[in-house]
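Undergrad: Predicted coordinates and the sequence they were generated for:
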Amino acid sequence: MSDSLNPEPNATTDTAHDYRIETTGLGREFGGKWAVRDLDLRVHAGELYGFLGQNGAGKTTTLRLLAGLLRPSSGAARIVGLSHDQNSRDLKMQLGFVPDTPPLYDYLTGRQYIALVASMWRIKRRLRDERADRLLDLLHMNDAADDLCKSYSHGMRKKVHLAAVLATEPKVLLLDEPTTGLDPGSTRRLKDLLRVEAERGTTVLLSTHVLDTAEEICDRVGILAKGQLLAEGTVAELRAQHDNRTLEDVFLTLTDDEISA
């Protein structure tokens, strides 16, 4: 395996007709209310795709469906060509998910937590430790790496869990509101890290309501409201479709129209 921070492309056979993430009519219902409806999504290898939406738009539900933590009420999803129903173990070995509230073990240190996750993915010890050291250094977590996770702030917990996930070198990385709880310096380092991952072939799908983050690093964005995908494309394409207004103006126009409908 190549190192997580090496921007060389993944060894992959993806072509213009292959997708790392593909959904068809994907939906999830809770008590008669659809959190996600008829979602058709295609994301290529090496693409950094951003889900934009207000609270309750369906972003987190979509990520949990893709991660296999929820079963769909309708439609289907495939990750690296596999479905959770038929290839759950193989799929999970190629998938990384960073939720908004990471599930750390309070009485492990950050370094121990990374080692635990990497060992579950059968990463060799030398390679695991090498990746952990580099990721902890990049995320400025070296000084706290040997402290217990129970002492970490929300942002520190998120960084350690991200390091643990990246140590497994997933082909698809899902992140729910990744910049929440991070200071400006950590946010900058995270953005740089995600671009490096995309450049080496990792498919990155993140949800955010921080439009500046999406505009700066995402190859394409999708705007959600009431569980439906209202528009998607590059930021330049979306702006061109709306008289070259800012992404914020485009977002507010589309979501306000949908919410008031």
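TA: Sure, I can see it. Numbers count the residues shown, from 1 in each chain.
Undergrad: Pretty sure Ala163 sits against Leu136.
TA: Yes: taking C-beta atoms under 8 Å as the definition, Ala163 is a contact partner of Leu136 at 6.0 Å. Where you see a C-beta, it was placed from the backbone N, CA and C, and this is true even at glycine.
Undergrad: Comparing those two, which residue is more hemmed in?
TA: Using other C-beta atoms under 10 Å as the criterion, Ala163 and Leu136 rank with Ala163 on top: 29 against 22.
Undergrad: Need the three-state assignment for the more buried one.
TA: Recorded secondary structure, Ala163: helix (DSSP: H, G, I helix; E, B strand; the rest coil).
Undergrad: Please tell me how far it sits from Asp90.
TA: 24 Å (C-beta to C-beta, to the nearest Å).
Undergrad: before we move on, back to that, overlap in contacts, Ala163 and Leu136.
TA: Taking C-beta atoms under 8 Å, 6 or more residues apart in numbering as the contact rule, Ala163 and Leu136 both touch 110, 114.
Undergrad: so where is the stretch 1-150 of the chain shaky, pLDDT-wise?
TA: The stretch 1-150 of the chain contains residues with pLDDT under 70 at 1-17.
Undergrad: could you redo the last one with a cut-off of 90?
TA: The stretch 1-150 of the chain contains residues with pLDDT under 90 at 1-18, 54-55, 85-90, 103.
Undergrad: What are the boundaries of the helices in it?
TA: Per DSSP state H, counting those that start in this stretch, the stretch 1-150 of the chain carries helices over the ranges 59-67, 84-92, 110-120, 125-138.
Undergrad: Pull the residues that contact the third one.
TA: Right, the one you point to is helix 110-120. For helix 110-120, the external contacting residues (C-beta under 8 Å, 6+ apart) are 104-105, 108, 128-129, 131-132, 135-136, 141, 144-147, 149, 152, 156, 160-161, 163-165, 167-168.
Undergrad: What is the neighbour count of Asp143?
TA: 8.
Undergrad: Ok, the one 5 residues further on next?
TA: A count of nearby residues for Leu148, using other C-beta under 10 Å, gives 16.
Undergrad: Spell out which residues sit in contact with it, please.
TA: Neighbour list for Leu148: 106-109 [criterion: C-beta under 8 Å, 6+ apart].
Undergrad: Dump these into CSV; add neighbour count as well.
TA: Compiled in CSV, those are given as follows (neighbours: other C-beta atoms under 10 Å):
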residue, neighbour count
Asp106, 11
Tyr107, 9
Leu108, 16
Thr109, 18
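Undergrad: Distance check, Ile123 against Val172.
TA: 17 Å.
Undergrad: Oh, that last question was meant for Leu66, not what I typed.
TA: Counting by C-beta to C-beta, the gap from Leu66 to Val172 is 8 Å.
Undergrad: can you redo the helices of the stretch 1-150 of the chain as JSON lines with distance to Glu232?
TA: Formatted as JSON lines, the helices of the stretch 1-150 of the chain follow (distance: least, C-beta to C-beta, whole Å):
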{"stretch": "helix 59-67", "distance to Glu232": "13"}
{"stretch": "helix 84-92", "distance to Glu232": "23"}
{"stretch": "helix 110-120", "distance to Glu232": "32"}
{"stretch": "helix 125-138", "distance to Glu232": "30"}
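Undergrad: deepest of these, which one?
TA: Burial of those is given as mean neighbour count (mean count of other C-beta atoms under 10 Å); helix 59-67 ranks first at a mean of 23.
Undergrad: Need the contact partners of that one.
TA: Contacts with helix 59-67, where a contact means C-beta under 8 Å, 6+ apart, come from 21, 23, 26, 28, 35-36, 39, 51, 53, 70-72, 77, 79, 95, 97, 99-100, 174-176, 205, 207, 224, 227.
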